[in-house]
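K.L.:
need a structure here:
(one chain, ligands or ions: 1)
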Amino acid sequence: MARHDPADTAAGEAAPESAATESRFAARPPEPTMKGFTPAALVASAVATVVLGLALWVILAVLGEPGLGVLFMLPVLGCAAWLYVVSVRRRKRDAVIDELATALADHLGVPDASYLEVDARQWQDGWVGVPHVLNVQYPTEVDDTAADWAAGMVEVVHGQLEHQYVVGRHNIRGRRLTLRDPTRASGSLAPDPAGRAERARDAVRRALPEKIDRPVPTQADLASWLIPLGVDATGTRVGWNLAGPQGHLLVLGRSGSGKRVLLTGIAVEIAARGWPVWVVDHRRVDLLGVRDWPNVQIVASTLDDQIVVLNQAWREMEGRVALVENGTSRSELEPLVVVVHHFREFAGAVADSAHRSGLGAGSASLALDRVTDLLRHGRQVNVFLVLSIQRADDPLLREENRDDLGAVVALGRLDGKAASALWGSAANADPAEHVPGRATIQTGDAPPVVVQCYWTPDPREARRGNDEQELYMLDALRPNLVTHPVLHVRRSRALTDNPEAAWRLNLDADLAEGYGPAASLADWSRARTPSPSGGTDGTDATGWSEMIMVSQVQPGNLVRLDDDTGWVVVEQVDPVENDGTSLRIHWRGNHGAGTQVVSRTRAVRIRHLNDGIY
Ligand SMILES: Nc1ncnc2c1ncn2[C@@H]1O[C@H](COP(=O)(O)OP(=O)(O)OP(=O)(O)O)[C@@H](O)[C@H]1O
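P.N.:
From the prediction side, this is the model:
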């Protein structure tokens, strides 16, 4: 345990940088109470035992039994010697832990070891030995969000104690990391693999919560190519690494297992990094929630638009390959993430449509061919696919495709056959019971782990239900900067009866900035919301409207605060004194001006002019 010696800090001259580090941290915690006997207490006990032994001998000698006195004194002295040896060993173990705490404090950038509480248990291997279990309690100011944070701590402990440790549990909320020696078996002596697997599953069930809100990305997260997916039973974050040697992500799960929620979260994370997201939403309405999300450039919901988006992603990849061939380096190419939700149904619908039009096999396999090409070559030019499918026996999971998948997320329970086909072994990675968002995830070459995927609200549903908590969470996840404008499908309006020519229209179509004239139904309904002039027929409606939180309202916005004021222009937004939850909005409308105090988390409708930029 790391103990704080006040003399150290009183005498030491605080360097300016250590003072700066210290100011980041809350006041020094009180000196932790030492568990068990201190070395001094053990020495005192040894001395007291010697005195007791001598006193006994003297008494028996006075009573004329010096021989009996010696007989009593020998075990008592042995006991005293044992207490002394234990005190010496305790002192040595404390020194080991003090040194470890200092090394960990250096590694974590905390002012000194007294800010950590290192609790070492079950010492083994030799006289001083090494602990089997180490608990490290660290201050809340330590940033433990990096994916490899716990691994970094393991490395420091390994370097210091020269013994191997693994993460037993990382309690993010409690700021406590438990490391243990993996070589020492715990539990019954009789081998019981089935029972052990069941106990392991039980432990996972108990350790994993049923819902974990997607954390707001830190600056370090935003600079990283690791997209957080969820948390495993040790509290360690599990993510999809776009920079890994394999690229793309496959999400597998039956209806209701949590695909839509996970894909929404992935789109939000990618957008937060300032990268563009294109979505092919084969079920048309599943991912409409991210349609208005900054940097989500397009959510294609008709089959024709979906074909165009996938084809354009493939063209983008081809264009980038040409750039690389001409000397551009991969690092100059910004990631583009293309989400294809319900890929297998989409590919089937494309094939049906081609067959109905009497087109050849080349057209029928268009979706599959484009996806296969993107899987093979997209990663080298930073075009990444996120595919969702429902069945574990999908050919996409065959051996030859697995090498292109950086991560496979299997949501929900898999039957034994599917699990062993996917992971090689069905035993270790079974979520055991149906919890929405519970998944088995394999990233890179690591073994599969059971994870609770992060919960991300659907922005559209949150707005509709006016769910303040979800709107607040989305507000924190929303990118501050829109780096990629909205796109629409631009295709020739040529009329043709020839199915082949009609098919070609999709292949020749491209994506253009802004909401196009051939707006989809969703765009129309958006355009048909009452215009400031009161017109609702949609034909005279310029621009489009959306719901945002009051905390996002800015001077110059055209906003509908309530039915009484109607559409007004915001002139100024001020905080309300002693009330962090509301804002004072000064507005001007057709019939005068006014001021209104509104809750920061209330959703209001604002209207954009038709500039095509979010
Ligand atoms: N990570 C999660 N944490 C908590 N609840 C979740 C999570 N993911 C999904 N759910 C809940 O599970 C239900 C189904 O989720 P979702 O719509 O994402 O499933 P799906 O696999 O997309 O289904 P379908 O294929 O039918 O569209 C929803 O009610 C959702 O709130």
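K.L.:
which residues sit in contact with residue 130?
P.N.:
Taking Cβ atoms under 8 Å, 6 or more residues apart in numbering as the criterion, residue 130 is in contact with 123, 124, 161, 163, 181. Placement of C-beta: from N, CA and C, glycine included.
K.L.:
Apply 10 Å and report the result again.
P.N.:
Shown in contact with residue 130 (Cβ atoms under 10 Å, 6 or more residues apart in numbering): 93, 96, 120, 122-124, 157, 160-165, 181.
K.L.:
same deal with residue 299?
P.N.:
Residues in contact with residue 299, defined by Cβ under 10 Å, 6+ apart, are 267, 277-281, 284-293, 305-306, 309, 339, 341, 486, 520, 522.
K.L.:
Can you list phi and psi of residue 179 for me?
P.N.:
Torsion angles at residue 179 (phi, psi; degrees, to the nearest 10) stand at phi -110, psi 150.
K.L.:
That one is in contact with residue 158, isn't it?
P.N.:
Yes: the pair residue 179 / residue 158 is scored as a contact, 9.3 Å apart, by Cβ atoms under 10 Å.
K.L.:
what about the one residue in the stretch 301-450 of the chain that gets nearest to the ligand, how many neighbours?
P.N.:
Nearest residue of the stretch 301-450 of the chain to the ligand, counting by Cβ to the nearest ligand atom: residue 437, 2.3 Å away. Here the number of neighbours of residue 437 (other Cβ atoms under 10 Å) works out to 25.
K.L.:
Show me what from the chain comes close to the ligand.
P.N.:
Residues of the chain that fall close to the ligand, judged by Cβ under 6 Å from any ligand atom: 211, 253, 255-261, 286, 436-437, 453, 455.
K.L.:
which residues sit in contact with residue 559?
P.N.:
545, 548, 550, 553, 565, 567-570, 585, 587, 598, 604-607.
K.L.:
returning to that earlier point: for PyMOL, what selects the buried ones among the contacts of residue 130?
P.N.:
Buried members of the contacts of residue 130, defined by 16 or more other Cβ atoms under 10 Å, are picked up in PyMOL with:
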select buried, resi 93+96+120+123+157+160+161+165+181
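K.L.:
Isn't the residue of the stretch 301-450 of the chain closest to the ligand up against residue 213?
P.N.:
No: contact between residue 437 and residue 213 fails when scored by Cβ under 10 Å: they sit 11.2 Å apart.
K.L.:
what's the overlap in contacts for those two?
P.N.:
Joint contacts of residue 437 and residue 213 (Cβ under 10 Å, 6+ apart) are 454, 455, 456.
K.L.:
of those, buried ones?
P.N.:
Among the shared contacts of residue 437 and residue 213, those that count as buried by neighbour count (16+ other Cβ under 10 Å) are 454, 455, 456.
K.L.:
which residue sits closest to the second one in space, ignoring its chain neighbours?
P.N.:
It stands for residue 455. residue 211 (5.1 Å; Cβ to Cβ, 6 or more residues apart in numbering).
K.L.:
What about the contacts of residue 299, which are in strands?
P.N.:
Judged by DSSP state E, strands contain the following of the contacts of residue 299: 277, 278, 279, 280, 281, 339, 341.
K.L.:
which residues touch residue 48?
P.N.:
Going by Cβ under 10 Å, 6+ apart, residue 48 touches 80, 83.
K.L.:
just the one 4 residues further on next, same as before
P.N.:
With Cβ under 10 Å, 6+ apart as the criterion, the residues that contact residue 52 are 72, 73, 76, 77, 79, 80.
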